[in-house]
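**Q** sequence below, structure please.
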Amino acid sequence: MTTPSNFICSTGSSGMTYDYDRQRIGSNDLHKLLQTFESIVDTLAKNERRYKERRDDWIEQIQAGAEVRAALAHVKRHGIERLFWGLIQGYQMEPKDRKVIERASKAFSKSRLNRIRPEKAMETYEATLKEYRLFLETVKRVLNRGNLHTEDSSTVVPVGCITLINAGGFSTKQMGDVKKVVENAVRKLKARGLSKVCYGTAQVTNQLRQGRVLAFYQIDSDQLFIRGNLKGKQGLAESVVIHELGHRLHRKFLMSKNDEIKSIYKRLKGDHREAIRSMMRDPNQHPKPGSEFTQGRTTYVFGEVFLTDGYEEAVRIHDKADPAKKGHIKLKNWFKYEGGAFVSQYASTSFEENFAEMIAHYCQGTLPDDQVRMLETVLS
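**A** From the prediction side, this is the model:
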């Protein structure tokens, strides 16, 4: 297949070029994955009639549960989730088929199968086999139609050197929101001299692997995924897109400076602990009774500071809309969330996330001056 000309994008000083078709999982690989998945479904179906006839047999129930677990183990071993991600990335689909493929992608991205109780094993076996057959039929239908995302298709939206792929059937307005988010993110990255991470495709999809995140970066395929329906969270999405491209910067361009990136995290972690100790010791920095904070859709009101049964300082809180709903937060946990040396609570979780968070704040002009100096040492 010939690569459309404006699917190849030069990133300037890095010398890197990007080929859309090379990133997409190839047709041969998809068909091999399909054959493997079909053999897994056939194996699972082999004893279907026997299990239906012996529903009250305890030994058969245990065996049925074991077969379900074995089928999923084969799915994980052979990386069958790549079949469904490949379809989402490469193919236009009917809305009904897309929902099935996204559901399969979510199901097979789970790290493990929940425990199957013997008394539920037959029911689970039948439901699993029915679902796998639906997945299989849908994959075959999508591949047989062969309706690929191409340069001329309405599912492709260029944003400079990043190409958005509408893999979720989103409206023109929704894609326009995502386009504006990516444009702003790219502009801020380029303003900081980081244009080399602005390349490739971004899959705009309903199904993201990691919970309710707005975007994520898949390291092995060097692929950016963005949630299509932002629901008014464009500002946050912009920051998240920069954060995820910060992971690309780290993994693709700065692995030679990995020790320096770890060193920054280690230093900030020490500063963070000391900052929390300082805030704990200073009553003026404790939450003030009557002050408020919002988490999700709920606003809470602070009460007094007290000692728990474990002799730890905590602060009472209640729901502003329903004062009868009461609880407390340990002060050390509140300060981890609210303050300290890291630019965010998430930055404190690992050196990789700290670096990506620093990049996001750096590009948006909110990184503290001392951390700007640390970061620019790595970037230089």
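
**Q** helices of the protein, start to end?
**A** The residue ranges that make up the helices of the chain, judged by DSSP state H, are 20-23, 27-45, 48-53, 58-77, 81-90, 95-108, 118-145, 172-191, 234-248, 258-281, 331-338, 351-363, 369-379.

**Q** out of these, nearest to residue 203?
**A** For the helices of the chain, proximity to residue 203 was assessed by Cβ to Cβ; helix 81-90 is nearest, at 5.6 Å. Where C-beta positions appear, they are placed from N, C-alpha and C, glycine not excepted.

**Q** quick one: contacts of that closest one?
**A** Here helix 81-90 makes contact (Cβ atoms under 8 Å, 6 or more residues apart in numbering) with 23-25, 29-30, 33-34, 37, 75, 93, 98, 101-102, 104-105, 108-109, 135, 139, 142-143, 148-149, 165, 167, 201, 203, 205, 207, 223.

**Q** from those residues, list the buried ones, please.
**A** Buried residues within the contacts of helix 81-90, defined by neighbour count using 16 or more other Cβ atoms under 10 Å: 24-25, 30, 33-34, 37, 75, 93, 98, 101-102, 104-105, 108, 135, 139, 142-143, 149, 165, 167, 201, 203, 205, 207, 223.

**Q** of all the helices of the chain, which one comes closest to residue 313?
**A** Distances from residue 313 to each of the helices of the chain were compared using Cβ to Cβ; the minimum, 4.3 Å, belongs to helix 331-338.

**Q** just to revisit the earlier point, between the helices of the chain, which one is closest to residue 308.
**A** Smallest distance to residue 308 across these (Cβ to Cβ): 10.0 Å, for helix 331-338.

**Q** now do that closest one, average pLDDT.
**A** This predicted structure assigns helix 331-338 an average pLDDT of 71.

**Q** ok, stretch 117-124 next?
**A** In the prediction, stretch 117-124 has an average pLDDT of 88.

**Q** could you do stretch 130-147 as well?
**A** Taken as a whole, stretch 130-147 carries a mean pLDDT of 94.

**Q** give me the contacts around it.
**A** Residues from elsewhere that reach stretch 130-147, judged by Cβ under 8 Å, 6+ apart: 30-31, 34, 37-38, 40-41, 44-45, 71, 83-84, 87, 91-93, 97, 100-101, 104, 107.

**Q** can you pull out the low-pLDDT segments for this structure?
**A** In the predicted model of the chain, residues 1-25, 110-113, 150-153, 207-212, 336-340 satisfy pLDDT under 70.

**Q** can I see the domain layout of it?
**A** Here the chain is described, according to automatic domain parsing, as comprising the domains 5-145, 156-253, 257-379.

**Q** looking at those domains, which is buried most?
**A** The highest mean neighbour count among the domains of the chain belongs to domain 156-253 (a mean of 19), with neighbours defined as mean count of other Cβ atoms under 10 Å.

**Q** and that one, how far apart are its ends?
**A** Using Cα to Cα, to the nearest Å, one end of domain 156-253 lies 27 Å from the other.

**Q** centre of the chain to it, how far?
**A** Centroid separation between domain 156-253 and its chain, computed with Cα atoms, centre = their mean, to the nearest Å, is 11 Å.

**Q** do the same with stretch 26-33
**A** Mean-position distance between stretch 26-33 and its chain equals 25 Å (Cα atoms, centre = their mean).

**Q** keeping just the C-alphas, turn that stretch into PDB.
**A** Below are the C-alpha coordinates for stretch 26-33, written out as PDB (Å, rounded to 0.1, in the frame of the first residue of the first chain):
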ATOM      1  CA  GLY A  26      -0.100  -4.700   9.500                       C
ATOM      2  CA  SER A  27      -2.800  -6.700   7.800                       C
ATOM      3  CA  ASN A  28      -0.800 -10.000   7.900                       C
ATOM      4  CA  ASP A  29      -0.300  -9.600  11.600                       C
ATOM      5  CA  LEU A  30      -4.000  -8.900  12.200                       C
ATOM      6  CA  HIS A  31      -4.900 -12.000  10.200                       C
ATOM      7  CA  LYS A  32      -2.400 -14.100  12.200                       C
ATOM      8  CA  LEU A  33      -3.900 -12.900  15.400                       C
END
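
**Q** how about the helices of the chain, which one is nearest residue 292?
**A** Using Cβ to Cβ as the measure, helix 331-338 is the one of these that comes nearest residue 292, at 13.0 Å.

**Q** does residue 163 touch residue 157 like I think?
**A** Yes - in this structure residue 163 lies within contact range of residue 157 using Cβ atoms under 8 Å: 7.2 Å.

**Q** list the residues that contact both of the two?
**A** Any residue near both residue 163 and residue 157 by Cβ under 8 Å, 6+ apart counts here, and not one turns up.

**Q** select the longest strand from the protein.
**A** Secondary structure of the chain read by DSSP state E shows that its longest strand is strand 298-307.

**Q** with just CA atoms, put it into CSV.
**A** Taking only C-alpha atoms (Å, rounded to 0.1, in the frame of the first residue of the first chain), the coordinates of strand 298-307 have been written out as CSV:
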residue,chain,number,x,y,z
THR,A,298,-18.5,17.1,46.1
THR,A,299,-17.5,20.2,48.2
TYR,A,300,-16.2,19.5,51.7
VAL,A,301,-15.9,21.8,54.7
PHE,A,302,-13.0,21.5,57.2
GLY,A,303,-13.5,21.3,60.9
GLU,A,304,-11.0,21.1,63.8
VAL,A,305,-7.7,19.2,63.9
PHE,A,306,-7.7,16.3,66.4
LEU,A,307,-5.6,13.2,67.3
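
**Q** pull the distance from it to the chain's centre.
**A** That offset, for strand 298-307, works out to 32 Å (Cα atoms, centre = their mean).

**Q** show me what it is packed against.
**A** Where contact means 3 or more Cβ pairs under 8 Å, 6 or more residues apart in numbering; DSSP states H and E, strand 298-307 is packed against strand 292-295, strand 313-319.

**Q** for the nearest residue to residue 118 once chain neighbours are set aside, what are its contacts?
**A** Here the nearest residue to residue 118 in space, its sequence neighbours aside, is residue 61; by Cβ to Cβ, 6 or more residues apart in numbering that works out to 4.7 Å. When the contact criterion is Cβ under 8 Å, 6+ apart, the partners of residue 61 are 55, 118-119, 121-122.
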